[in-house]
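>>> sharing a model that was predicted from the sequence below.
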2 protein chains.
Amino acid sequence: MKLLEQRIISDGKVLPGDVLKVNSFLNHQIDVKFVSQLGHEFHRLFADCGVNKILTIESSGVGIACLTAQFFDVPVVFAKKAKTSNISSDVYSASAHSYTHGNEYEAVVSKDFLLPSDKVLIIDDFLANGAALEALVSICEQAGAEIAGCGIVIEKQYQGGGDKLRARGIRVESLAKIRSMSDDGKIEFCE
Amino acid sequence: MKLLEQRIISDGKVLPGDVLKVNSFLNHQIDVKFVSQLGHEFHRLFADCGVNKILTIESSGVGIACLTAQFFDVPVVFAKKAKTSNISSDVYSASAHSYTHGNEYEAVVSKDFLLPSDKVLIIDDFLANGAALEALVSICEQAGAEIAGCGIVIEKQYQGGGDKLRARGIRVESLAKIRSMSDDGKIEFCE
């Protein structure tokens, strides 16, 4: 999506340690009108898939998921991040490692809100190694829900998480796919 | 707001320990169309206040803030919750106590995203003792930003946090104000 690539170039910041900061429009300050355009694009991609629920994970995914859900006219469920200790029996959960925060956490969704009859679009802001996304996929599988696909705003293609999921037959659509990022700030997108 | 009171009565659950669970439509699963109606109501209340930014705190506030911001055509900034240890100098921060999780945290906003020229509407899902809201107010004050007011979905009026802020001259509008809640599930709203 050209509009997004241009925004990443103009407002994103590449920091040492393979960090792309897009917190001026995506995940700290949210340019709501712009993110709504991303939601519109997710809808274009998944409009005919019978999606009846959008699943994401706190916190950065929530705004994007809500603005996207309006086009589908479906509810959002967001997984909570919990400490790996006491998980109750009335939730689905899957553990993941956060490379940003350097810790393990448990992604948790109440069993009330994911059903075998659900056809789920999974939405998230970033896809790198795929830890968070794999946890959400696992939660859908535990619930017996069908996965229509994953809609990602920015995929770091070179980290391989997206292709690992695609190899499992899961449809992953990323609005911007980064092929490489250098410490001097140069970003190269996939064709 | 009658619509919200009715939804709380029909779908909310009162649990022991003064807990009101509204996670089927507000803060785990999000009924996006319904929450958008709440956003419309916040816009009706604050339409003529010159609001140019909406401030909230992760995670439950983010969806509500984004759906509200569409009516104002303004960006959302959400405060992040950080451990009270290492806070950098490029953020505004204020500590708060979470009664839900029984811990202290630091609400943190990058200095880039709150300016003295801002007129801020603060949005959150719940207001009880007011700890989170007071942290957001403090962050606005640190930035020299003007506070247009606070828009709250559900206020537990009997916990006093809202009235404490009103006594300081801050406009607090709550779409549902609970006067009392009994362990047998009876909820009484303020007139």
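It's in.

>>> tell me which stretches of chain A form helices.
A:2-11, A:32-46, A:60-72, A:131-143, A:161-167 (DSSP state H).

>>> looking at those helices, which is closest to A:S88?
Closest of the helices of chain A to A:S88 is helix A:131-143, at 14.3 Å (criterion: Cβ to Cβ). Glycine gets a C-beta too; all of them are placed from N, C-alpha and C.

>>> okay, the helices of chain A in CSV with distance to A:I187 next?
Output for the helices of chain A, formatted as CSV (distance: least, Cβ to Cβ, whole Å):
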stretch, distance to A:I187
helix A:2-11, 7
helix A:32-46, 18
helix A:60-72, 19
helix A:131-143, 21
helix A:161-167, 17
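
>>> most tightly surrounded among those helices?
Per residue and on average, the most neighbours among these fall to helix A:60-72, with a mean of 27 (mean count of other Cβ atoms under 10 Å in any protein chain shown).

>>> quick one: A:E155 from chain B, how far?
22 Å (Cβ to the nearest Cβ, to the nearest Å).

>>> pull the number of nearby residues for that residue.
By the measure other Cβ atoms under 10 Å in any protein chain shown, the count of residues near A:E155 is 26.

>>> nearest residue to A:C49 other than its sequence neighbours?
Once flanking residues are discounted, A:C49 sits nearest to A:A148: 4.1 Å by Cβ to Cβ, 6 or more residues apart in numbering or on different chains.

>>> within range of chain B, give me the residues from chain A.
A:23-24, A:28-33, A:35-36, A:58-59, A:62-63, A:65-67, A:69-70, A:73-78, A:80, A:109-110, A:112-113 (Cβ under 8 Å from any Cβ of the partner chain).

>>> about what we covered before: the residue nearest to A:C49 contacts A:A47, correct?
No: with contact defined as Cβ atoms under 8 Å, A:A148 and A:A47 do not form a contacting pair (10.5 Å).

>>> higher neighbour count, those two?
A:A148 (22 against 11).

>>> quick one: contacts for the closest residue to A:S180 other than its chain neighbours?
Nearest residue to A:S180 in three dimensions, chain neighbours excluded: A:E188, at 4.7 Å (Cβ to Cβ, 6+ apart). By Cβ atoms under 8 Å, 6 or more residues apart in numbering or on different chains, the residues touching A:E188 are A:178-181.

>>> just flag the most distant two among the residues you listed.
A:R179 and A:M181 (8.5 Å).

>>> joint contacts of these two?
The contact sets of A:R179 and A:M181 overlap at A:158, A:188 (Cβ under 8 Å, 6+ apart).

>>> more neighbours, these two?
A:M181 (18 against 13).

>>> what score does the more buried one have for pLDDT?
On the pLDDT scale, A:M181 is placed at 95.

>>> got the contacts of A:E188 as JSON lines, with distance to B:A132 columns?
Formatted as JSON lines, those follow (distance: Cβ to Cβ, whole Å):
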{"residue": "A:I178", "distance to B:A132": "35"}
{"residue": "A:R179", "distance to B:A132": "41"}
{"residue": "A:S180", "distance to B:A132": "41"}
{"residue": "A:M181", "distance to B:A132": "35"}
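
>>> nearest to chain B among the residues you listed?
Lowest distance from chain B to those (Cβ to the nearest Cβ) belongs to A:M181, with 21.3 Å.

>>> neighbours of the nearest residue to A:Y99 once chain neighbours are set aside, just the number please.
With Cβ to Cβ, 6+ apart as the criterion, A:Y99 has its nearest non-adjacent residue at 6.6 Å, and that residue is A:N129. Taking other Cβ under 10 Å as the criterion, the count of residues near A:N129 is 16.

>>> could you list the low-pLDDT ranges of chain A?
A:84-86 (pLDDT under 70).

>>> try it again with 90
A:16-17, A:83-89, A:97-103, A:183-185, A:191 (pLDDT under 90).

>>> and the residue nearest the centre of chain A?
The residue lying closest to the centre of chain A (Cα atoms, centre = their mean) is A:D124, at 1.5 Å.

>>> show me what contacts the nearest residue to that one once chain neighbours are set aside?
Nearest-residue entry for A:D124: A:G61, 4.8 Å, with adjacent residues in sequence omitted and distances by Cβ to Cβ, 6+ apart. Residues near A:G61 by Cβ under 8 Å, 6+ apart: A:78, A:123-125.

>>> save the residues you listed as TSV, and put in distance to A:C140 too.
Below are the contacts of A:G61 laid out as TSV (distance: Cβ to Cβ, whole Å):
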residue	distance to A:C140
A:F78	14
A:I123	13
A:D124	13
A:D125	19
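
>>> the residue nearest to the centre of chain A against A:T56, yeah?
Yes: using Cβ under 8 Å, A:D124 is in contact with A:T56, at 6.0 Å.

>>> okay, and the common contacts of these two?
Common neighbours of A:D124 and A:T56 (Cβ under 8 Å, 6+ apart) are A:64, A:136.

>>> thinking again about what came up before, farthest-separated two in the contacts of A:G61?
A:F78 and A:D125 (12.3 Å).

>>> in the sheet, who's paired with the closest residue to A:S174 other than its chain neighbours?
Distance criterion Cβ to Cβ, 6+ apart; nearest residue to A:S174, sequence neighbours excluded, is A:E155 at 3.5 Å. The partner list for A:E155 in beta bridges (DSSP bridges) reads A:L127, A:K177.

>>> residues contacting A:E155?
A:126-128, A:161-162, A:172, A:174, A:176-178.

>>> adding distance to B:E41, write these out as TSV.
Formatted as TSV, the contacts of A:E155 follow (distance: Cβ to Cβ, whole Å):
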residue	distance to B:E41
A:F126	33
A:L127	36
A:A128	39
A:G161	40
A:G162	40
A:V172	37
A:S174	36
A:A176	35
A:K177	40
A:I178	40
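
>>> ok, so of those residues, who is nearest chain B?
Nearest to chain B, judged by Cβ to the nearest Cβ, of the contacts of A:E155 is A:F126 at 15.4 Å.
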